[in-house]
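A.B. asks: attaching a predicted model along with its sequence, questions to come.
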Amino acid sequence: MNKYIYELTLKVRDYECDLQGIVNNANYQHYLEHTRHEFLVSIGVSFAGLHEQGVDPVVARINISFKTPLKSGDEFISKLYLKKEGIKYVFYQDIFRKSDSKVVVKASVETVCLVNGRLTQSELFDRVFTPYLSE
């Protein structure tokens, strides 16, 4: 069983849909990124503030499995949990359609940290993420 540590409810906007009337695949990356950023805010970390300190978390790899499409007006819940693998933090993110709890997307997002432009372990993330790490 996944141990979600954060969730965010959002709603599909008309302009996010393609000619087929479903959310364009690229928009799911926006949903996933927005969820990660809101998670950071919820634990008192400012993404912009990190950059000002010379700390830049970046996506190294993303894997998305599309399961069920969303349509305009659908509400959905974006959930995540977090693991540490070496110097990477991996966000496991799932999106569920709110009306029926169907899985929409399953994703894993590997992030690394640049500190003053150099790939390295982030002491800041080690400190703030430790309470939220899944086994």
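C.D. replies: Yep, that arrived. Residues are numbered from 1 along each chain as shown.

A.B. asks: report all helices and strands that the longest helix along the chain contacts.
C.D. replies: Assignment by DSSP state H gives helix 25-42 as the longest helix of the chain. Judged by 3 or more Cβ pairs under 8 Å, 6 or more residues apart in numbering; DSSP states H and E, helix 25-42 is in contact with strand 6-11, strand 55-66, strand 75-85, strand 88-97, strand 103-115. Using the backbone N, CA and C atoms, a C-beta is placed for each residue, glycine as well.

A.B. asks: CA atoms of the first one as CSV?
C.D. replies: Spelled out, it's strand 6-11. Output in CSV follows, covering the C-alpha atoms of strand 6-11 (Å, rounded to 0.1, in the frame of the first residue of the first chain):
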residue,chain,number,x,y,z
TYR,A,6,0.4,15.0,0.3
GLU,A,7,-2.6,15.5,-1.9
LEU,A,8,-4.0,18.3,-4.0
THR,A,9,-7.5,18.6,-5.6
LEU,A,10,-7.6,20.4,-9.0
LYS,A,11,-10.1,20.8,-11.8
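
A.B. asks: hmm, who's touching it?
C.D. replies: Strand 6-11 has contacts (Cβ atoms under 8 Å, 6 or more residues apart in numbering) with 31, 34-35, 38-39, 42, 73-81, 98, 132.

A.B. asks: just the buried ones from these?
C.D. replies: Listed as buried from these are 31, 35, 38-39, 74, 76-81, 132; burial here means 16 or more other Cβ atoms under 10 Å.

A.B. asks: SS state for Leu50?
C.D. replies: Three-state call for Leu50 (DSSP: H, G, I helix; E, B strand; the rest coil): helix.

A.B. asks: who touches it in this structure?
C.D. replies: Leu50 neighbours (Cβ under 8 Å, 6+ apart): 56-57, 124.

A.B. asks: the longest helix of the chain to strand 55-66, inter-axis angle?
C.D. replies: Helix 25-42 and strand 55-66 meet at an angle of 140 degrees, taking axes from the mean of the first three to the mean of the last three Cα atoms, to 10 degrees as the criterion.

A.B. asks: okay then, goodbye and thanks.
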